[in-house]
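> heads up, no residue letters with this:
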């Protein structure tokens, strides 16, 4: 997979994540009932763990996905590093929230699990992007320029 | 800073440290903001552990308990001050939950009434507010376990605070704040309309039937599990 395609994949995944987070943010601020097959989405979304410092976790997720999308638009190594840091921290926090759902709230939110799966895929893609960028002698994940013909 | 991006190991370490710092900060703020584990020990209500265990892992959606796709629905009309409703909750509900709800066969719907007096409405507002957080059945169970004399003012703010602090995953302060919210007002009105529509004028009153179909009044002769099981078993056949 070329670097351009890898960044495109990251952008698509970030857009999917942003769509899920947008739905949760919309439901929270409009009072709309969530479509839910697990039966626990409302319980999780209205629990005290659904907010951090009074900011809905879904809103933080949306901002993070948009930030990752922005990093995918740049070929710079700094963008790869920032994207990887955001995604890895999001994945770690997502795992913490899964533990909270199972062990404390006693309810599972399918939208959170969907977001976690997207984060896991993003983590793989961002880690690969960072690995390639770090291996580039130009400090960029862009392919080296072609040598002029002799 | 530029050196960081030229050294592969330093770059990986930098990203890892940044990710760990952000994640730890988020978890810390989440744990501290939720009150940590201290709330579970701030109450001495009866039956807290049993209530938590009874409903653990069962989906709750506003006033509904159990698998949304359960083939049978059972509706309970009850007043928080009604002593027979208390008896049903203590003597019958645990068996129904374990045998029919936890197995996904039956879902329960609670429709609150508040005709006995002021404590009825205050208690009902609290359980409806807990329902906004998906914990109505936990709050209901705990309030019945602490039921006092009719209209003695037993539904105190202190009791409701203890109930809020005793339910895992519930934001007790939010529950108290939501008691006077428009959503709870609407829930109360909706309950009144359901009771009026069903012609219910005493509690507890039960209806059961196929989910999505017509529910029939349950002619319950005693508040024991054996009085409920034949109806539910025949509906499940």
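All right, it came through fine. Small disclaimer: the values here were computed from a predicted structure and weren't measured.

> what residue ranges in chain B are flagged as low confidence?
B:1-6, B:34-43 (pLDDT under 70).

> tell me the domain ranges of it?
B:2-33, B:44-236 (automatic domain parsing).

> Can you measure across the longest one, start residue to end residue?
The stretch domain B:44-236 measures 39 Å between its terminal residues, going by CA to CA, to the nearest Å.

> check whether that domain contacts chain A.
Yes. Contact of domain B:44-236 with chain A (CB under 8 Å from any CB of the partner chain) involves B:55-62, B:67-68, B:132-135, B:168-171, B:174, B:183. In short, each C-beta sits where N, CA and C put it, glycine included.

> now the shortest one
Yes. Shown here: domain B:2-33 in contact with chain A (CB under 8 Å from any CB) through B:2, B:5-6, B:8, B:11-12, B:14-16, B:18-23, B:26-27, B:29-30, B:33.

> among those residues, which are in strands?
Among the residues of domain B:2-33 next to chain A, no residue falls in strands (DSSP state E).

> which among these end up buried?
Among the residues of domain B:2-33 next to chain A, the ones that count as buried by 16 or more other CB atoms under 10 Å in any protein chain shown are B:5, B:11-12, B:14-15, B:18-19, B:22-23, B:26-27, B:30.

> contact partners of stretch B:126-133?
A:42-43, A:46-47, B:60, B:62-63, B:80, B:110, B:112, B:136, B:138-140, B:143, B:155, B:160, B:163-164, B:167, B:169-171, B:174-179, B:181, B:183-184, B:187-188, B:191 (CB atoms under 8 Å, 6 or more residues apart in numbering or on different chains).

> What ranges does chain A have for its strands?
Using DSSP E, strands in chain A cover A:51-52, A:55-56.

> Could you say which of the ones you listed is packed most deeply?
A comparison of the strands of chain A by mean neighbour count, using mean count of other CB atoms under 10 Å in any protein chain shown, puts strand A:51-52 on top with a mean of 21.

> Parallel or antiparallel, which strands does that strand pair with?
Sheet pairing here is set by DSSP bridges, and for strand A:51-52 it gives strand A:55-56 (antiparallel).

> is any part of the worst-scoring helix or strand of chain A on mean pLDDT close to chain B?
The weakest-scoring helix or strand in chain A, judged by mean pLDDT, DSSP states H and E, is helix A:41-45 (a mean of 79). Yes. If you take CB under 8 Å from any CB as the test, helix A:41-45 does meet chain B, through A:42-44.

> Figure out how far stretch A:19-36 is from the centre of its chain.
Relative to its chain's centre, stretch A:19-36 lies at 17 Å (CA atoms, centre = their mean, to the nearest Å).

> ugh, wrong one, I meant stretch B:9-27
The answer for stretch B:9-27 is 39 Å, by CA atoms, centre = their mean.

> circling back to that earlier point, among the residues of helix A:41-45 next to chain B, which one lies nearest to residue A:108?
Distance to residue A:108, by CB to CB, is smallest for residue A:44 among the residues of helix A:41-45 next to chain B, at 7.2 Å.

> list the helices and strands the stretch of helix or strand residue B:108 belongs to packs on?
Here residue B:108, judged by DSSP states H and E, is contained in strand B:106-113. The contact analysis (3 or more CB pairs under 8 Å, 6 or more residues apart in numbering or on different chains; DSSP states H and E) places strand B:106-113 against strand B:64-65, strand B:72-79, helix B:118-131, helix B:136-145, helix B:182-198.

> ok, 6 Å please
Secondary-structure packing of strand B:106-113 (3 or more CB pairs under 6 Å, 6 or more residues apart in numbering or on different chains; DSSP states H and E): strand B:64-65, strand B:72-79, helix B:182-198.

> which neighbours does it have in its sheet, and in what orientation?
Counting by DSSP bridges, strand B:106-113 is paired with strand B:64-65 (antiparallel), strand B:72-79 (parallel).

> State the distance from residue A:69 to chain B.
Using CB to the nearest CB, to the nearest Å, residue A:69 is found at 18 Å from chain B.

> nope, residue A:29 is what I was after
The spacing between residue A:29 and chain B, counted by CB to the nearest CB, is 14 Å.

> ok so, going back, save the strands of chain A as TSV, and put in mean pLDDT too.
What follows is the strands of chain A, written out as TSV (pLDDT from 0 to 100):
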stretch	mean pLDDT
strand A:51-52	87
strand A:55-56	89
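
> List just the one of those strands that sits closest to residue A:105.
Going by CB to CB, the one of the strands of chain A nearest residue A:105 is strand A:51-52, 13.3 Å.

> starting at the chain centroid, how far to the closest one?
With CA atoms, centre = their mean, you get 17 Å for strand A:51-52.

> Pick out whichever of the residues of helix A:41-45 next to chain B sits closest to chain B.
residue A:43 (2.7 Å; CB to the nearest CB).

> List the contacts of that closest one.
A:107, B:60, B:134 (CB atoms under 6 Å, 6 or more residues apart in numbering or on different chains).

> rerun at 7 Å
With contacts defined as CB atoms under 7 Å, 6 or more residues apart in numbering or on different chains, residue A:43 is in contact with A:105, A:107, B:60, B:133-135.

> Out of these, which is nearest to residue B:206?
Of all the contacts of residue A:43, residue B:206 sits closest to residue B:60, with 19.1 Å by CB to CB.

> rewinding a little: now do the strand holding residue B:108 against helix B:136-145, angle only.
In terms of direction (axes from the mean of the first three to the mean of the last three CA atoms, to 10 degrees), strand B:106-113 departs from helix B:136-145 by 60 degrees.

> what about residue B:109, how many residues close to it?
Around residue B:109 there are 18 other residues, counting by other CB atoms under 10 Å in any protein chain shown.
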